[in-house]
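> what's the 3D shape of this:
(one chain, ligands or ions: 3)
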Amino acid sequence: MASLMKSFVDVSPGSQFPIQNLPYGVFRPSAGASPRPGVAIGDSVVDLSVLSEAGLFKGPLLSSSSCFSQTSLNAFMALGRPAWKEARKTLQKLLSDGEPTLRDDHVLRSKAILPMNQVTMVMPAVIGDYTDFFSSKEHAVNCGTIFRGGKEDALPPNWVHVPIGYHGRASSVVISGTDIRRPRGQTSPPPGENAPEFKPSALLDFELEMAAFVGPGNELGKPVSVDEAADHIFGFVIMNDWSARDIQKWEYVPLGPFLGKSFGTTISPWIVTMEALDPFICDAPEQDPPALQYLTEKNRFTYDIPMQVAIRPKGESKASVISNTNFKYLYWTVCQQLAHHTVNGCNLNTGDLLASGTISGPSFGSLGSLLEMSVAGSREVKLEHGGVRRFLKDGDEVVMSAVCEGDGFNVGFGECRGKVIPAFNS
Ligand SMILES: O=C(O)/C=C/C(=O)CC(=O)CC(=O)O
Ligand SMILES: [Ca+2]
Ligand SMILES: [Mg+2]
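Numbering: from 1, shown residues only. Ligands and ions are numbered 1, 2, ... in the order given. You can find the predicted model right below:
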């Protein structure tokens, strides 16, 4: 094994944030201070506004840029891959153990490198639009069986040709740690009745997803080809697409998800870049039948990212793991999703969020929602530290994580967590 790059900043073995990762987020160093961009390293956060003010980004693309003095990452994300590479190179050099510039400047170092547990993470980007795809074949078959009956034709005939998606709601995308209020809404008429009920959702669920942040957008009317798509993607976060299954089931025909999804969507705070994920590139599932030409990639790839879901019930100290799955199972890749999204001329903007769709794998232990695990509530899902669930209860905290295990280092996403609180007025 080639000797690994190391940082002078303490990074414990097995840390999710070694110098090989350097994910981007936005944080407040103290209550009331303005948000600024940072990168995670070990148990610390590096304040990029401080490094930038100190003139340490000396490369041609970033030396005169104000992108790290903003309260979101949008300006940096808009600059595109050459600037992202320049930033990564600069940061890896500045943080490496043999580089004295920051290491030996104690005043600058204490200003720029802060303990992660003392800062507050906020939304990393201003999200103009959020789209949710439906790219796991296993999940699509499971949902088809549950919502539309019959395993035989569970997969809609368009599914193998179209990366299906819907336009989600950007205003209610929230950062990890934000409480999620159980939604109220209409649900189907109870057996033997004609009128729908109006009540707090009784079938509240999570969906484990990965979501991509769009870097440079595209002009209205100008599609992005599937082979150029990767240059429009800045990086990834874990996403929980909270879903009220009873509201969803009653409302979704014929226009798709609406209020059953728009009450809250949680993302993890650190955006892991495609550069950091490079060592985890792997083959994507073979497509049968072959995709149409505009979705056919010269170099088809995805990432090997093990992901996990756990539930921590109210008053419990331990979370019970209920799923272990992997991003690599997805049938439609993020490049296919992006190319499809723009093929009609639709413009994507910097900061748009493209969610993968629920990530379910082939086995029972790799499902991405309680809907699937409990087979629409017909079975109990056992929690290893006690209790059972069919759907989420008030007080439940859902904790999602993802860590790529590399050769001598990990590249992790941190956590995407959210606690269910009781419905409004109840
Ligand atoms: O099959 C359906 O009717 C609905 C499925 C979902 O709710 C999943 C969804 O939001 C898309 C996804 O996450 O895969
Ligand atoms: Ca979803
Ligand atoms: Mg949602």
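
> need the strands for the stretch 201-350 of the chain, in chain order.
204-205, 208-214, 233-240, 243-244, 265-267, 272-273, 281-282, 302-303, 306-312, 320-326 (DSSP state E, counting those that start in this stretch).

> Please name every helix or strand in contact with the last one.
Taking 3 or more C-beta pairs under 8 Å, 6 or more residues apart in numbering; DSSP states H and E as the contact definition, the neighbouring helices and strands of strand 320-326 are strand 306-312. Where you see a C-beta, it was placed from the backbone N, CA and C, and this is true even at glycine.

> Repeat that for the longest one.
Packed against strand 233-240, as judged by 3+ C-beta pairs under 8 Å, 6+ apart, are the following elements: strand 208-214, strand 265-267, strand 272-273, helix 274-277, helix 334-342, strand 397-405, strand 410-421.

> one step back: is it possible to export the strands of the stretch 201-350 of the chain to JSON lines including mean pLDDT, distance to ligand 1 and mean neighbour count?
Conversion of the strands of the stretch 201-350 of the chain to JSON lines gives the following (pLDDT from 0 to 100; distance: least, C-beta to the nearest ligand atom, whole Å; neighbours: other C-beta atoms under 10 Å):
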{"stretch": "strand 204-205", "mean pLDDT": "98", "distance to ligand 1": "8", "mean neighbour count": "27"}
{"stretch": "strand 208-214", "mean pLDDT": "99", "distance to ligand 1": "6", "mean neighbour count": "27"}
{"stretch": "strand 233-240", "mean pLDDT": "99", "distance to ligand 1": "9", "mean neighbour count": "26"}
{"stretch": "strand 243-244", "mean pLDDT": "98", "distance to ligand 1": "6", "mean neighbour count": "26"}
{"stretch": "strand 265-267", "mean pLDDT": "99", "distance to ligand 1": "10", "mean neighbour count": "27"}
{"stretch": "strand 272-273", "mean pLDDT": "98", "distance to ligand 1": "20", "mean neighbour count": "28"}
{"stretch": "strand 281-282", "mean pLDDT": "98", "distance to ligand 1": "21", "mean neighbour count": "13"}
{"stretch": "strand 302-303", "mean pLDDT": "98", "distance to ligand 1": "16", "mean neighbour count": "23"}
{"stretch": "strand 306-312", "mean pLDDT": "98", "distance to ligand 1": "13", "mean neighbour count": "22"}
{"stretch": "strand 320-326", "mean pLDDT": "98", "distance to ligand 1": "13", "mean neighbour count": "20"}
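
> Compare the helices and strands packed on strand 233-240 and give me the one nearest S12.
When those are compared by C-beta to C-beta, strand 410-421 sits nearest S12, at 10.6 Å.

> May I see the buried residues of the closest one?
For strand 410-421, the neighbour count (16 or more other C-beta atoms under 10 Å) marks N410, V411, G412, F413, G414, E415, C416, R417, G418, K419, V420 as buried.

> What of stretch 85-105?
E86, A87, R88, T90, L91, Q92, L94, L95, S96, L102, R103.

> what about that stretch, start to end distance?
Criterion C-alpha to C-alpha, to the nearest Å; first-to-last residue distance in stretch 85-105 is 25 Å.

> now what about it, what contacts it?
5-9, 19, 22, 39, 41, 46, 51, 56-62, 76, 108-109, 112-113, 273, 275 (C-beta atoms under 8 Å, 6 or more residues apart in numbering).

> Select from those every entry located in strands.
Among those, the subset assigned to strands under DSSP state E consists of V39, I41, V46, I113, T273.

> Which one of those residues is nearest to V237?
For these, the closest approach to V237 (C-beta to C-beta) belongs to T273, at 11.1 Å.

> So that closest one sits against W84, correct?
Yes. Using C-beta atoms under 8 Å, T273 is in contact with W84, at 6.4 Å.

> shared neighbours of those two, anything?
F234.

> per-residue pLDDT, Q248?
Per-residue confidence (pLDDT) for Q248: 97.

> and it, how many residues sit next to it?
By other C-beta atoms under 10 Å, 22 other residues sit near Q248.

> now R109
16.

> So the worst-scoring helix or strand of the chain on mean pLDDT, near ligand 1 or not?
Across the helices and strands of the chain, mean pLDDT, DSSP states H and E gives its lowest value to helix 137-148, namely a mean of 93. Yes. For helix 137-148, a contact with ligand 1 is found by C-beta under 6 Å from any ligand atom, at H139, C143, G144, F147.

> Quick check: next helix or strand after the helix ranked longest in the chain?
The longest helix of the chain (DSSP state H) is helix 81-95. Sequence-wise, the next helix or strand downstream of helix 81-95 (DSSP states H and E) is helix 100-103.

> contacting residues for the residue of the stretch 251-400 of the chain found nearest ligand 3?
Ligand 3 sits closest to T265 of the stretch 251-400 of the chain, with a gap of 3.5 Å, by C-beta to the ion. Remark: with contacts taken as C-beta under 8 Å, 6+ apart, T265 is in contact with Y130, G168, R169, S172, V173, V174, M239, N240, D241, W242, A355.

> about what we covered before: for the ones in strands among the contacts of stretch 85-105, name the two members farthest from one another.
So for these, where distance means C-beta to C-beta, the most widely separated pair is I113 and T273, at 19.8 Å.

> for the residue lying closest to A31 once chain neighbours are set aside, what are its contacts?
Nearest non-adjacent residue to A31, counting by C-beta to C-beta, 6 or more residues apart in numbering: T120, 7.4 Å away. Residues in contact with T120 (C-beta under 8 Å, 6+ apart) are F27, R28, A31.

> how deep is the residue in the stretch 1-150 of the chain positioned nearest to ligand 1 tucked in, by neighbour count?
Closest residue of the stretch 1-150 of the chain to ligand 1, C-beta to the nearest ligand atom: C143 (3.2 Å). Close neighbours of C143, defined as other C-beta under 10 Å, add up to 20.

> cool, G256 as well?
16.

> Closest to ligand 3 out of the ones in strands among the contacts of stretch 85-105?
Checking these one by one against ligand 3 (C-beta to the ion), the nearest turns out to be T273, at 24.3 Å.

> partner residues bridging the closest one?
Counting by DSSP bridges, T273 forms beta bridges with G235.

> quick one on the thing from earlier: looking at the strands of the stretch 201-350 of the chain, spot the one closest to T71.
strand 208-214 (15.9 Å).
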